[in-house]
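In: after the sequence you'll find the predicted model.
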Amino acid sequence: MKGMLAEAGLTGFAKEPTLFRDERPGCDTGLVLHADDGLLASTPAARQALEKVLAKKVKVQISSPLKEVGDELEFLKRRYVKLEDGIAMYSGQKHVEALLEAMGPGLKSRDTPSLLEADTSAALAPERAKQYKECTGRLLYLSHTRPDIQYSTCVLASKMSSPTVMAYKWLAKVAGYLQKVPSLGFLIKPLQQAACLEYKGSGPLQHGGQVVLESVTDADWAGCKRTRKSRSSVHLYLGGSLIASHVRTQKSVSLSSGESEFVAMVSGGTEVVFIRECLDYLMKGFAEIDVVLRSDSAAARGISQRIGCGKVRHLSCGLLWVQEAIKAKVFRASPVSGQRNPSDLGTKPLSGPRVRELLCRSGAVDDDGNPYGLEDLERSQSKMQVKEMMKSSGVGLVHAKKILPILLVMAQVLGADGAEGLGLAVTMAMMEDALLSGVATMATGLVVVLFWLGALWVIWWIYKWALPGRRATVDQASQAKVEKVNRYTQASIGMSPSERQFMNEYVDRCSFLTEALHEEHRTVEQCEEALIEDMPPSQSQSQLTGAQCIIVKIAEPWPTVVLRNTGEESIVGMLWEVSKKWKKMRDTTPAQLQASLRATMMAGMLKALKDRLHQVTTDEKLLENAKNVQLLDAQGRWVYQVWDHELEKLQVDASRTPLKTEEIQQLLAVCEKANESPVLYRFHAKAEYSCSEFVHFEIEVGRRGQEAADLYRSLKVLCQCSVLQIIGARLRKDKPGRSAAAHRIQDCLR
């Protein structure tokens, strides 16, 4: 093949035998050849000439070039698609499909491929070990173009010699992540002048322009708990587009984080030197290539920019060539923010939002060509902007801790009244406006004070100049006496009028807010007493007494409130016991945990409702009691109820069709199935559990994915249904009424 290409005028590169270019003047043809598959970049005339030469000896098949948006071709089991912003490279789906088929149908979808490394389990059986090695081999091939699974694949590959039971569970987690995110592409943008990571460039690349080739590295110091070796994560960017990445275990044990980061820099430097020579060979001097080694470790950059190992005696001399290369200006070292470092993907287990954020920074796109993880990236940037605003405004940590309890109380008071959208975010926005207005007032006052001080100084200077002989003289004893009196004047006269006025206003405001809050509590207690009076004194219906508030956020602009009874025998007591058992298992045997705490608590809540529903519908006495308290209609269907503020009691909502027991059982089954997926974002208690006090929970249900949508729709159908009262709960989506005390508090805080 090399001889046939030579006949067509193409010569190979000595360092990379698969790379060819046309040496003839004015011809910019380039070719990447692997066995009998090649990727050609040329003009139509040059392509026809090459095809004519090769057709004399072999059969040639050439696909259509990428010209229009949507055109695609396949090369080395990877798919290349033409988009408006460039070309997206997608991994082959055959390896993913084969992996999922080998793992079986019982996989659980995962939001992240992250896994922990504590492994003390036994070795796998021979058949399972063979399956583990085959699946890990597929992951090794797939990870070349999937930076999101490179860290997990590196950990799994370290277990290839002797796979364990825990390692097989890790493999199932990675397969579950690929089941949720089977396809992921990376955008290769056209080269722009001086374009790099997080900079789009200043225009199209012209002859003699500058191309930036970057190596962005990171390392986890002593990340492997078994060998204490570090792993190097390297991302290579050309003009701001990701072209290659890898995660490798370092050969020696690093004695410091700076040393491990420096070894990662050396690994990235080795790759960019090779890629630079390949680019020089293809570009024929068309543009200047600026090579940059970027790291978020100041210690590693310091080691690379000096001569010798210094006090880091453990360094191998074979790594110090980077120092000579930087001194010779072969490349240069540059910093990158740790929060914005995309190579952090390959150093440690990360959460799902963090993985999607870093993938978006790397240029990841979905099957439709849209940026993958854009929402998580925007959310992260908003958080960083808030941090920068706090730093720039001069609000220190001590002041923030003093202000935070007041803000929490204000947010809870407003949230208890059903104020939509009010919380800490709005309070922070109010702080920002108040801060800006305060700064403007202080600046105006300072200008006025300086003006009057300057005027007084001018008058005094004119007075001294006009009447130099009439200067007041005071003896030393009188002057000392005056100074002594002035020194202790403030202590003798007490508080100033402004200080006394501020103290009185502060005390009055606190007293008013305290009385208003107590009045609001009395309103809630009266509501509880009204609920208790409306219910018969039946021991089987004791779970309907009391009221327990749980605020549930289901991606809707209104709050959904759950009323629960208190006491250790209530559903809240059950949730408390579930959380204690879960945390105990997490501390003792974390490997046995099958789900998160929030999913476990939701499952317990659904199971309690399901068991109680079966108990009530199969017991004639309990069923009759439920009909007596108007939970069921005459046909035995569960009615919908609304709160009547005038009568202060629950009334049957005739506008909605009651639910049959079979329909409710189907809804609960849908909720249990959806809860198996990571659709719950939060199930968090905001107050300590007590049998006599309210326990407030915050439950956040996502809307992304089919499982989340099913859970949301099922909960929405159960809103205001009387069936939840059999476990002492009531879901509603209408806004709670706002009392007069709440109105006064809100008016004072405006």
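Out: Received the coordinates, thanks.
In: tell me the mean pLDDT for stretch 82-98?
Out: The average pLDDT for stretch 82-98 rounds to 91.
In: quick one: buried residues of that stretch?
Out: The neighbour-count check on stretch 82-98 (16 or more other Cβ atoms under 10 Å) flags Lys82, Leu83, Gly86, Ile87, Ala88, Met89, Tyr90, Ser91, Gly92, His95, Val96 as buried. Placement of C-beta: from N, CA and C, glycine included.
In: residues making contact with it?
Out: Under the contact criterion Cβ atoms under 8 Å, 6 or more residues apart in numbering, stretch 82-98 has outside partners 66-72, 77-81, 138, 141-142, 145-146, 178, 182-190, 241, 365, 367, 369.
In: in strands, which of the residues you listed fall?
Out: Glu72, Arg78, Arg79, Tyr80, Val81, Gly185, Phe186, Leu187, Ile188, Ser241, Val365 (DSSP state E).
In: most widely separated two among those residues?
Out: Using Cβ to Cβ, the two most remote members of these are Glu72 and Ser241, lying 17.8 Å apart.
In: run through the stretch 301-450 of the chain and note the low-pLDDT ranges.
Out: For the stretch 301-450 of the chain, the stretches flagged by pLDDT under 70 are 390, 392-434.
In: and what of the stretch 1-150 of the chain?
Out: For the stretch 1-150 of the chain (pLDDT under 70), the answer is 117.
In: all the helices of it, residue numbers only.
Out: 2-7, 44-54, 93-103, 126-142, 150-157 (DSSP state H, counting those that start in this stretch).
In: swap in the stretch 651-750 of the chain?
Out: Assigned by DSSP H, counting those that start in this stretch, the stretch 651-750 of the chain shows helices spanning 661-675, 706-718, 740-749.
In: which stretch among those approaches Ala6 most closely?
Out: helix 706-718 (56.4 Å).
In: need the CA coordinates for that closest one. PDB is fine.
Out: This file holds the C-alpha atoms of helix 706-718, laid out as PDB (Å, rounded to 0.1, in the frame of the first residue of the first chain):
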ATOM      1  CA  GLN A 706     -39.600   9.000  31.500                       C
ATOM      2  CA  GLU A 707     -39.400   7.700  35.100                       C
ATOM      3  CA  ALA A 708     -39.400  11.200  36.600                       C
ATOM      4  CA  ALA A 709     -42.400  12.100  34.400                       C
ATOM      5  CA  ASP A 710     -44.300   9.000  35.500                       C
ATOM      6  CA  LEU A 711     -43.600   9.800  39.200                       C
ATOM      7  CA  TYR A 712     -44.700  13.400  38.700                       C
ATOM      8  CA  ARG A 713     -47.900  12.500  36.900                       C
ATOM      9  CA  SER A 714     -48.800   9.900  39.500                       C
ATOM     10  CA  LEU A 715     -48.300  12.300  42.400                       C
ATOM     11  CA  LYS A 716     -50.300  14.900  40.600                       C
ATOM     12  CA  VAL A 717     -53.200  12.500  40.300                       C
ATOM     13  CA  LEU A 718     -53.000  11.700  44.100                       C
END
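In: quick one: low-confidence residue ranges for the stretch 501-650 of the chain.
Out: Counting by pLDDT under 70, the stretch 501-650 of the chain contains low-confidence ranges at 515-571.
In: could you rerun that using 90?
Out: The stretch 501-650 of the chain contains residues with pLDDT under 90 at 501-636, 638-650.
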